[in-house]
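Enquirer: Pasting a predicted model and its sequence here:
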2 protein chains.
Amino acid sequence: MVLSSGRLIGIESFFSPKSLSVVGASGDRGSLGRIILENILKRGFQGEVFPVNPKFRSILGIKCFRNIADVPGIPDLSIVLVPSKQVPELVKEHASKGIKNVIILSAGFSETGEKGRELERKILRTAKDFGMRILGPNCLGIFDNVSHLDTFFIPDSLVRRPVPGRVAIVSQSGSFAGHAMDIAAFENLGLSRVISYGNKLDINEVDSLYFLARDRHTKAIGLYIEGVENGRNFVRAARYCSSFKPVVVLKTGKSEELETSVASHTGSLSGSYSVYKAAFRKSGILEVDSLELFVDSLKALTCLPRARGRKVLIIGHAGGLGLLLADHCVEAGLEVPKISGDLFKRVRSLTFPFASINNPVDLTASGSDEQASRVFEEAFIREDSFADIAIYLALWGLPQSSDKIVAIVKRAIARSGKPVVVASVTGDMCLRKRSIFESKGIPVFLSIQRAAMIAKLLFEAEKIQMNVKKEKIRKSWSNN
Amino acid sequence: MVLSSGRLIGIESFFSPKSLSVVGASGDRGSLGRIILENILKRGFQGEVFPVNPKFRSILGIKCFRNIADVPGIPDLSIVLVPSKQVPELVKEHASKGIKNVIILSAGFSETGEKGRELERKILRTAKDFGMRILGPNCLGIFDNVSHLDTFFIPDSLVRRPVPGRVAIVSQSGSFAGHAMDIAAFENLGLSRVISYGNKLDINEVDSLYFLARDRHTKAIGLYIEGVENGRNFVRAARYCSSFKPVVVLKTGKSEELETSVASHTGSLSGSYSVYKAAFRKSGILEVDSLELFVDSLKALTCLPRARGRKVLIIGHAGGLGLLLADHCVEAGLEVPKISGDLFKRVRSLTFPFASINNPVDLTASGSDEQASRVFEEAFIREDSFADIAIYLALWGLPQSSDKIVAIVKRAIARSGKPVVVASVTGDMCLRKRSIFESKGIPVFLSIQRAAMIAKLLFEAEKIQMNVKKEKIRKSWSNN
């Protein structure tokens, strides 16, 4: 929402309320109105909480109010979960009370047709008249690891909450947001905030990007969108945001055949995918095409340095899977240069005579940690190294002393300032190895194919950063 | 190996030995020679086992022999794990004894250069002179869930052994074979046999395909290759095999830049990838491009019917992820037709008014099992259904009563004769749901993107089968 002065009213205050009302809170076991209150309390939210529902005197031991007017003071935030038809009137009551921030979780609005659109128009009119800001409707709201606010009405047994971390997720779709969180928890990816904005009656991706751009708790942003309404505003916000921190986007409704369906799901229209592709490029954000890569890329961008070029060194203890990785690298647009000349001789002298060392360097299943360490030193850390990125294959050929190899990888990253992407696969043994790496802050990617894509993304991210820097220099010159 | 009569000596006898010698067996803890013996005993191999090593009198309570000549009788199979230099002489001793089948696990042959190639030539000469067949060298040999033979010298803690099942894996690379097994175990995919043939001095993919084509324990075959030497023989074998059962191939060393590396890893030369692509098409085998899809496709081909067309019905309880799946389907070359007209009216009457049902059909998080069941009935099982394939999204929107939905999916497959691909993601909750589905024989695919690719593969497999049938009819006509 833009004021007449052109200045945005920010959404910061949604993320640090000192008091909140929950309209539609319930004492009934299994009801969404109860789950939401349970989650707010369980997560450790420190502010005051006011359940509102005429049917209850108290819920979970907290006093419950008949209506919003009865709530003492003016809550900083109100969460609404009542049937859609009641919402326009309820928002008016919020306005009268002086409440400025409302999250409408209820469904049954523009996604269902004309009647629902009419309800939204009424709400928006009230909001505009009273300078209110609305998140939703038809959304899950906010999950916040900083303020411990959690309006997601899904129990932990279905969506595990990730540990605090530096990644924010912004999603039009609630199901996407919830699963991205659950996968983040599975992938040991820490999150700062999650924003699910649904039908975006008011607050949308643009507001979210402006807020997160300056949020010091957030170092990288993952954005899921189906469509945006104002392309110019989106590009401006995305450009602004990506000048501070990397933004990864996953866009659905790409194929034009699917437009009708997108429209009906959230009430917004998706345009032609090629227009979006151009907008993403222009705004310096990184596009990924799957849920897995969405989570993996955020993991990589917050835990690894960028790659300054596309030349990859592959080190592992497995021949066939090293070759597979090399194929995936070339498919992703990276280079896997042959090792030759002086470097070949040096690496040869460090490895078994039967080890294949052309790149992929296959130390073989008998290869030691010591050998891996020396190959990193000679072929990757040394100043004259050809490699911009190393990919280390953490598979069963890996020596037993995982702690040692983790230290070797950490040292290679620290000494070279370049990324080492650790590639693995699913399977019990690899999941165990992964825990050891990740407990020491080295991310592991559970797919050889995705590891190659991640290496490419770290190069793309660097290119974008360089472009941003160049533009800043150009601008400062033209201002002189 | 082809006899002068042109008839192949099959490799069947490698998979049902009544007695075997293990040359290089060891009593030393942690040694490969001990692990291999432990595995053979642990797996429940029923035949006689003769360890051979002059250093030990007995190993693991079994009498150990000084040399192969001392072993009583003529073992049906001999497993060799001694330094490469000793192998040519050892193979001669095997020949003198009359042993016909030998698995050479040792590395240090053609993959290391000219000296190793010379060793291989010597072995091959002996084998030809005495009508012996050799598997390896530089391989893991055989894992067999029918005869319980397990020559893989990797402990279970690193590679979990999959349960018995109907899928065979044939791999040039040992590391690929091992990880495919470990992932198969993680994915609840049962295996019949695994063949790791390494440097393929004698036995190669061609022999393996002829054997598995007629193996009644095997219903689908996964093949990993780096290169083949005789393209015509390969196409003939692959065609023969795929006329009986589906064959999935993963080829590495695709990019021409990688040829040197492939050569040094297994001593064979890889040709241009486009030649391979044409050969795969010609021989009716299905190509996949990642390890994940390799395992997933074998799971699908043994558990689900083929798809007769490319039209997909998507049913789920999640809007955003349904759209993502639809995108992946279209990207994979499938169609996601809009539901309209009479069918739209019927589905509308079965679902909530706020459910989006254009296809994807999003029953919403409140949607019931009953609704899902009825939508399957109206839009998929009915004879006039447009859909060749259904993809069901098993996510957290899924109703709690998983048992019920599993029965609904099972019934939809049985009644329609068409595949229902169940798509999910990683994350704790989805892994739990997966167990419920898979314990009842319904495969779940842990990636929305791969689920779409699997749906496509089920259509490709049907097309190939139809072509094989047509050719058979054509041949029978031309023979008349």
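Expert: Right, received. Where do you want to start?
Enquirer: Checking the residue of chain A most remote from its centre next. Helix, strand or coil?
Expert: Distance to the chain centre peaks in chain A at A:P353, reaching 45.0 Å (criterion: C-alpha atoms, centre = their mean). Following DSSP: H, G, I helix; E, B strand; the rest coil, A:P353 is assigned to coil.
Enquirer: Per-residue confidence, it, what does it come out as?
Expert: On the pLDDT scale, A:P353 is placed at 83.
Enquirer: cool, A:K470 as well?
Expert: At A:K470, the pLDDT value in this model is 77.
Enquirer: Where is the longest strand in chain A?
Expert: strand A:164-171 (DSSP state E).
Enquirer: neighbouring contacts of it?
Expert: Outside of strand A:164-171, the residues within contact range by C-beta atoms under 8 Å, 6 or more residues apart in numbering or on different chains are A:145-146, A:177, A:180-181, A:184, A:189-197, A:205, A:208-209, A:212, A:215, A:217-224, A:298-299, A:302, B:320. Bear in mind the C-beta positions are built from the backbone N, C-alpha and C, glycine included.
Enquirer: still on that earlier bit, check contacts around the residue farthest from the centre of chain A.
Expert: B:T112.
Enquirer: measure A:F65 to A:I74 for me?
Expert: 13 Å (C-beta to C-beta, to the nearest Å).
Enquirer: Which one of these two is surrounded by more residues?
Expert: Between A:F65 and A:I74, counting by other C-beta atoms under 10 Å in any protein chain shown, A:F65 is the more crowded of the two (20 against 13).
Enquirer: any idea of the pLDDT on the more buried one?
Expert: At A:F65, the model reports a pLDDT of 98.
Enquirer: Quick check, central residue of chain A?
Expert: Closest-to-mean residue, chain A, C-alpha atoms, centre = their mean: A:G222 / 3.1 Å.
Enquirer: following the strand or helix carrying that one, which helix or strand comes up?
Expert: According to DSSP states H and E, A:G222 maps onto strand A:220-225. Counting by DSSP H and E, the element after strand A:220-225 in chain order, helix or strand, is helix A:231-242.
Enquirer: Now do the buried residues in that following helix.
Expert: The neighbour-count check on helix A:231-242 (16 or more other C-beta atoms under 10 Å in any protein chain shown) flags A:231, A:233-235, A:237-242 as buried.
Enquirer: Can you name the residues in contact with that helix?
Expert: Against helix A:231-242 from outside (C-beta under 8 Å, 6+ apart): A:205-206, A:209-210, A:212-213, A:221, A:228, A:247, A:271, A:275, A:279-280, A:282-285, A:464, A:468.
Enquirer: The residues you listed, buried ones only, as a ChimeraX selection?
Expert: Restricted to buried positions by 16+ other C-beta under 10 Å, the ChimeraX selection for the contacts of helix A:231-242 reads:
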select /A:205,206,209,210,212,213,221,228,247,271,279,280,283,284,285,464
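Enquirer: Now, the contacts of helix A:231-242 that are in helices?
Expert: Judged by DSSP state H, those include A:205-206, A:209-210, A:212-213, A:275, A:279-280, A:282, A:464, A:468 as members of helices.
Enquirer: Let me have the residues you listed in TSV, extended by distance to chain B.
Expert: Output for the ones in helices among the contacts of helix A:231-242, formatted as TSV (distance: C-beta to the nearest C-beta, whole Å):
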residue	distance to chain B
A:E205	14
A:V206	19
A:L209	18
A:Y210	23
A:L212	20
A:A213	24
A:V275	16
A:A279	17
A:F280	15
A:K282	22
A:I464	24
A:V468	29
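Enquirer: Quick check, the residue in the stretch 301-450 of chain A closest to chain B?
Expert: With C-beta to the nearest C-beta as the measure, A:G320 is the residue of the stretch 301-450 of chain A nearest to chain B, at 2.3 Å.
Enquirer: tell me which element that residue falls in.
Expert: helix A:319-331.
Enquirer: repeat for A:L119
Expert: Using DSSP H and E, A:L119 maps to helix A:114-130.
Enquirer: and for that helix, what are the contacting residues?
Expert: Outside helix A:114-130, the residues within contact range by C-beta under 8 Å, 6+ apart are A:1, A:84-85, A:87-88, A:91-92, A:95, A:100, A:102, A:104, A:108-110, A:132-134, A:137, A:199, A:201-202, A:267, B:354.
Enquirer: if you look at the residues you listed, which of them are in helices?
Expert: Per DSSP H, the subset of the contacts of helix A:114-130 in helices is A:87-88, A:91-92, A:95.
Enquirer: Return the member of those nearest to chain B.
Expert: The closest of the ones in helices among the contacts of helix A:114-130, once distances to chain B are taken by C-beta to the nearest C-beta, is A:V87, at 13.7 Å.
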